[in-house]
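> Fold the following for me, if possible:
(2 chains)
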Amino acid sequence: MAKTISQILLDTPKVDKVGVEERVARIQTRSVKGPSKSQGLKMVLNMIDLTTLEGKDTQGKVRQMCYKAHHLHDAIPNLPAVAAVCVYPSMVKLAKKELRNTQVKIASVSTAFPSGQAPLEVKIIDTKFAVDNGADEIDMVISRGRFLQGEFQYVYDEIAQIKEACGKARLKVILETGELATLDNVRLASDIAIHAGADFIKTSTGKIQPAATMQVTYTMLMAIQDHFAETGNMIGMKPAGGISTAKLALHNLIMVKEVLGDDWLTNEWFRFGASSLANDVLMQIIKNESGYYASPDYISID
Amino acid sequence: MSRIEVLKTYKVYIGGQFPRTESGRYHTITSKKGEPLANVCLCSRKDVRNAVVAARKAQGAWAERAAFNRGQILYRIAEMLEGRKSQFIEELLSLGFTQKNAQTEIDLSIERLVYYAGWCDKYNQIVSSVNPVSSAHFNFSTCEPMGVIGIIADNNSPLLGLISSLAPAIAGGNTVVVLSSVDYPLNAVTFAEVLHASDVPGGVVNILTGSLHETAPTLASHMDINAFVASNISHEFSTSLQLNAVDNLKRFFHYTIDWNQQNSQGLHFIGDLQEVKTTWHPIEQIGGATSSY
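Presented below is the predicted three-dimensional model:
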């Protein structure tokens, strides 16, 4: 049973910032080597939402990215495909066509991404448009302005209505943590999103810095863990923005494993939103196989 | 009461910053009397990797700078080095150099920088050409920097060897990762401080210290290094490094040379680290007039 907003406000714990930083720092001292590293890197590839969200996106760019989504680096056999491609609603139809007969899902941002500053009706139309064009997943943004004004009920209802507009598509709720200022706000926004019907909670749009810091991701993972302990329902997590190196991605995986456990280590429950991460991971995989440090000159551009 | 001297920590130079080696290992450089002079970083392959990333990041912008401006910056390095001459000489004296040899080493280093500073906006005109072809094309060849260059500085020359390999590379718009002299690394690190104060953008020059047998093969085999320069290393070591360099067909130059000689500087040191781009530009035959190119 979903909680009401007043219940959420009562139940949401305060975040111990110093504690979070210490735990994250400990996780970042881990070093993954050898076969575990190879396995981890391939897992990272399989969890990526390959993303292009630019005003300058052309059909050619989207087509090329869709090809890359399931041909990451053909010189190495048996590499996994990425989990999904993430595009603007206007590109969903094209992406759907390019990725027919593959396992790669289509995610679309919606609700006037990235600002979210549009009337609710427009956001619902935006969402339905993407779903009707074949989006498997919807990445919505919350109204950060309303949240910071204390209109939590509005934020809650908005998420619930977008969830309804999604139909069968899975809903990822972007909190845009870089604009929420404190970890307490991040935790509260996470709890609101989870109870309003999010299938995934996601850190950022990638347009605002700081984006997916380990501290923020950890705070959101804790919200997911508490919800699971309380209800037994799993919620997915997607850090996005700023994760551009293989090392940082592996640290994120370690954190997910330690906080949530093995069940979350699949692309059904954990994703990376990234554009340049895939190439860095590929370079590490090439290094592991050849023994030489790799060069981006030999990998397709993203 | 006698004063205890404050010894300097010699760190490495990567991307315009002075981090400690990623490996956390050091070795001690001693004076000719056997007294410890300084701890110097024993770099690992991960330092090499970080340095190459920094050099690659800096390369595009460095190559796009006006040639004249690169010349100004090289000249600025010479100016700054002149101002800190005594520090370099002191380091050499403590390592057992004679006053005369130390003086010559630093003087020649400064002069070599000025020499290559002058070439920055001139080499391209001289090395480039307009080529005769038997078709209606304007055909010309110009130089472009190779990219990121790996350098093994001459082990027997604390500063002059390093500068003689480094200056022609950066004069031509390349960025470099330098493995300093193993026996005399102090001047190399102090020189990094000079670079840092000379308008050289971070990442254009990266200087690592430590054992060549650990770092050089990693640098030579790195796929993101475009050319490799070594001087006065053994024949066996040179052969093994060339084998490492095969995979991405890097250019490999091994100079056997005395850097004190007049002929140890020249245009060909810049030219070795340039790619030649030839352009075929269609021209129209107008009114029967023929073009001589």
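
> can you tell if the helix or strand that contains A:Gln39 touches chain B?
Using DSSP states H and E, A:Gln39 sits in helix A:34-46. No - for helix A:34-46, no contact with chain B is found by Cβ under 8 Å from any Cβ of the partner chain; the gap never falls below 14.0 Å. C-beta coordinates here come from the backbone N, C-alpha and C atoms, glycine included.

> So which elements touch the very next helix or strand once past that helix?
Downstream of helix A:34-46, the first helix or strand assigned by DSSP H and E is strand A:48-51. Under the contact criterion of 3 or more Cβ pairs under 8 Å, 6 or more residues apart in numbering or on different chains; DSSP states H and E, strand A:48-51 touches helix A:59-70, strand A:84-87, strand A:272-274, helix A:277-290.

> try it again with 6 Å
In terms of contacts (3 or more Cβ pairs under 6 Å, 6 or more residues apart in numbering or on different chains; DSSP states H and E), strand A:48-51 is packed against strand A:84-87, strand A:272-274.

> To chain B, which of those strands lies closest?
For chain B, the closest of the helices and strands packed on strand A:48-51 is strand A:272-274, at 18.1 Å, according to Cβ to the nearest Cβ.

> From the contact counts, what lies against the closest one?
Using 3+ Cβ pairs under 6 Å, 6+ apart: strand A:272-274 touches strand A:48-51.

> and chain B, which residues reach chain A?
Those residues of chain B that sit near chain A, judged by Cβ under 6 Å from any Cβ of the partner chain, are B:Arg49, B:Ser221, B:His222, B:Met223, B:Asp224.

> Out of the residues you listed, who's the most crowded?
When neighbours are taken as other Cβ atoms under 10 Å in any protein chain shown, the top entry among the residues of chain B next to chain A is B:His222 (28 neighbours).

> Give me the neighbour count for the nearest residue to it once chain neighbours are set aside.
Once flanking residues are discounted, B:His222 sits nearest to A:Tyr293: 4.5 Å by Cβ to Cβ, 6 or more residues apart in numbering or on different chains. Using other Cβ under 10 Å, A:Tyr293 is surrounded by 22 other residues.

> Spell out which residues sit in contact with residue 175, please.
You didn't say which chain, so I picked chain A. By Cβ atoms under 6 Å, 6 or more residues apart in numbering or on different chains, the contact set of A:Leu175 is A:Ala189.

> other chain: chain B
B:Ala55, B:Ala58, B:Gln59, B:Trp62, B:Val148, B:Val204.

> Which elements pack onto the helix or strand hosting B:Ile207?
Assessed by DSSP H and E, B:Ile207 sits inside strand B:205-208. Packing partners of strand B:205-208 (3+ Cβ pairs under 6 Å, 6+ apart): helix B:45-64, strand B:175-179, helix B:186-196.

> downstream neighbour of it in the secondary structure list?
In N-to-C order, the element after strand B:205-208 by DSSP H and E is helix B:212-221.

> avg pLDDT for the following helix or strand past that next one?
Counting by DSSP H and E, the element after helix B:212-221 in chain order, helix or strand, is strand B:227-231. Strand B:227-231 comes out with an average pLDDT of 97.

> Show me which residues of the stretch 151-300 of chain A sit near chain B.
A:Tyr292, A:Tyr293, A:Ala294, A:Ser295.

> Need the pLDDT of B:Tyr293.
Listed pLDDT for B:Tyr293 reads 47.

> Likewise for B:Met1?
At B:Met1, pLDDT is 72.

> Can you name the residues that contact the closest residue to chain A within the stretch 51-200 of chain B?
In the stretch 51-200 of chain B, the residue that lies nearest chain A is B:Val52 (6.9 Å; Cβ to the nearest Cβ). B:Val52 is in contact with B:Val177, B:His222, B:Asp224, counting by Cβ under 6 Å, 6+ apart.

> how much space is there between it and B:Ser238?
Distance from B:Val52 to B:Ser238, counting by Cβ to Cβ, to the nearest Å: 21 Å.

> Kindly present the contacts of B:Thr175 as TSV, with separate columns for pLDDT and neighbour count.
As requested, those are exported to TSV (pLDDT from 0 to 100; neighbours: other Cβ atoms under 10 Å in any protein chain shown):
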residue	pLDDT	neighbour count
B:Ala55	98	27
B:Ala58	98	22
B:Gln59	97	22
B:Trp62	98	20
B:Val148	98	28
B:Val204	98	25
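
> ok, those vs B:Leu249, which is closest?
Proximity of those to B:Leu249 was ranked by Cβ to Cβ; the top entry is B:Val148 with 14.6 Å.

> ok, and the closest non-adjacent residue to the closest one?
Using Cβ to Cβ, 6+ apart and skipping the chain neighbours, the partner closest in space to B:Val148 is B:Ala55 (4.6 Å).

> Can you verify my assumption that that neighbour contacts B:Val178?
No - here B:Ala55 does not reach B:Val178: they are 9.8 Å apart, not a contact under Cβ atoms under 6 Å.
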